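J.: With the input below, show me the fold.
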Amino acid sequence: MKVLLSLLLAFVPCIACAAVTPHSYWEPAMAAFEASDRTNPPPQNAVLFIGSSSIEHWKSLAADFPELKVINRGFGGSVIGDSTYFADRIVAPYHPRAIVMYAGDNDLHEGLTPEQVRDEFAAFVQKARAVDPGVPIAFVSTKPSMAFKALLPQIKQSNALIRAYAATQKDVTYLDIFTPMLGADGQPQWKWFGPDGLHMNRTGYELWIGIIRPWADAHGH
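T.: The predicted model follows:
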């Protein structure tokens, strides 16, 4: 029993440690982006899509926006602060014409409050504009996924706070994919998602394309 208790106590701190992923965890992803940039130089004056797995998994991004030059710099599992931390490596070198960010569900899942998520996005805007003053930035609202259904109240509040923040900033836009992804009962729907209930299927991305395209077309040329 004493040995079992020791093992349990040894494991508890690990759970707490895993709650917030250190920035260093993403170093291999950053190195891979940089290696790709060396072998396949990214286009100039492109629209940069950045954020978490919903961006990373968007493998058809270039084909879905054939009228635009696009760069995909999503890395799965990341929070908004990771994109800010690595902005010198995955934002600044590209001098994008415009930026589309999707993130937020991982932030809330890791325990950030809606207010902290808003502040993290504001910090990203500040960091991106320190390099490219006035670059247009769109925040794709945090989606109502089946996997994070328990976080729906926090997701609603976070989205509302970011919408309000964006309204105070020049050329910062909130793109609402949250509302159309809800069912008539106001709850998340399986039809947008793959088997894990978190990552979207093609139907989900097609909904996003219809909402993002008008903004991207207006700012990406």
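
J.: Could you check how far the closest residue to residue 57 other than its chain neighbours is from residue 103?
T.: Leaving aside its chain neighbours, residue 57 sits nearest to residue 199 (5.6 Å; criterion: Cβ to Cβ, 6 or more residues apart in numbering). For the C-beta atoms, the positions are set from N, CA and C on the backbone; glycine is no exception. Using Cβ to Cβ, to the nearest Å, residue 199 is found at 14 Å from residue 103.

J.: lowest-pLDDT helix or strand in the protein?
T.: helix 2-18 (a mean of 36; mean pLDDT, DSSP states H and E).

J.: so how far is the helix or strand following that helix from its chain's centroid?
T.: Next helix or strand after helix 2-18 toward the C-terminus (DSSP states H and E): helix 27-39. Between the centre of helix 27-39 and the centre of its chain there are 19 Å (Cα atoms, centre = their mean, to the nearest Å).

J.: which residues touch helix 27-39?
T.: 73, 75, 86, 89, 90, 93 (Cβ atoms under 8 Å, 6 or more residues apart in numbering).

J.: Let's see that helix as PDB, backbone CA atoms only.
T.: Only the C-alpha atoms of helix 27-39 are listed here, as PDB (Å, rounded to 0.1, in the frame of the first residue of the first chain):
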ATOM      1  CA  GLU A  27      10.800  23.900 -31.100                       C
ATOM      2  CA  PRO A  28      10.800  21.000 -33.500                       C
ATOM      3  CA  ALA A  29       7.700  22.500 -35.200                       C
ATOM      4  CA  MET A  30       9.400  25.800 -35.600                       C
ATOM      5  CA  ALA A  31      12.600  24.200 -37.000                       C
ATOM      6  CA  ALA A  32      10.400  22.300 -39.500                       C
ATOM      7  CA  PHE A  33       8.800  25.500 -40.600                       C
ATOM      8  CA  GLU A  34      12.200  27.200 -41.100                       C
ATOM      9  CA  ALA A  35      13.500  24.200 -43.000                       C
ATOM     10  CA  SER A  36      10.500  24.300 -45.300                       C
ATOM     11  CA  ASP A  37      11.000  28.100 -45.800                       C
ATOM     12  CA  ARG A  38      14.600  27.300 -46.900                       C
ATOM     13  CA  THR A  39      13.600  24.600 -49.400                       C
END
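
J.: How far off centre is the helix or strand just after it?
T.: Next along the chain after helix 27-39, taking DSSP H and E as the criterion, comes strand 47-51. Remark: strand 47-51 is offset 9 Å from the chain centroid, using Cα atoms, centre = their mean.
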